[in-house]
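Trainee: Model the structure of this input:
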Amino acid sequence: MLGFLDLDDVLNEFTMHALKWYDIDVKYEDIVTRDIVKTAQDHGWEHDAVTFWRYLPQSVWSRCPRSKLFDVISGDYILTAPTTNPSCAAGKIEWLNNNWKKGHIITEHKWLLSKPGRVLVDDSESNIKSWERAGGTGILVPRPWNKNRDKDMVEYTMDKLNDLRL
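Mentor: Numbering: from 1, shown residues only. I've put the predicted structure just below:
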């Protein structure tokens, strides 16, 4: 099975970083909608997106041993969507070059790469739904803004990946 991983809030700690970077007074666990990009833009993110990305920390998930992540799926492609600011894509590419060094695709239409035999690991319910409608397998990474919010991020996602082996 060919695997694709989302970048934001799967391989990095985008939301926590944005909250701290812009001194936004919202607790991570209280975020039930994914409006952090809009909030960050309101706080001036658009003028320093590359710098924002440069200091974005890796997530617990991305610090798991690569062999553990990909013993079920082949390939380790990053599939990420940009904001409307061109410097966002530049910042994401810099982050990937510094932290992941594997293939990446930047598109807001992730579902176009979906088909049977491909899996998307993502924190967005809408991305997972469109991916599955196009024929692929989706794994929704637990985050406060999705229906898996009460599950452990690494344990749940690894269990779902291991289920694909059966």
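
Trainee: List the contacts of Tyr55.
Mentor: His17, Trp21 (CB atoms under 8 Å, 6 or more residues apart in numbering). In short, each C-beta sits where N, CA and C put it, glycine included.

Trainee: how far away is it from Asn98?
Mentor: 10 Å (CB to CB, to the nearest Å).

Trainee: next SSE after the lowest-mean-pLDDT helix or strand in the chain?
Mentor: Across the helices and strands of the chain, mean confidence by mean pLDDT, DSSP states H and E is lowest for helix 66-69: a mean of 53. Of the helices and strands lying after helix 66-69 in sequence (DSSP states H and E), the nearest is strand 74-80.

Trainee: by contact count, what packs against the helix or strand following that next one?
Mentor: Under the assignment DSSP H and E, the closest C-terminal helix or strand after strand 74-80 is helix 86-99. Under the contact definition 3 or more CB pairs under 8 Å, 6 or more residues apart in numbering; DSSP states H and E, helix 86-99 sits against helix 49-54, strand 104-106.
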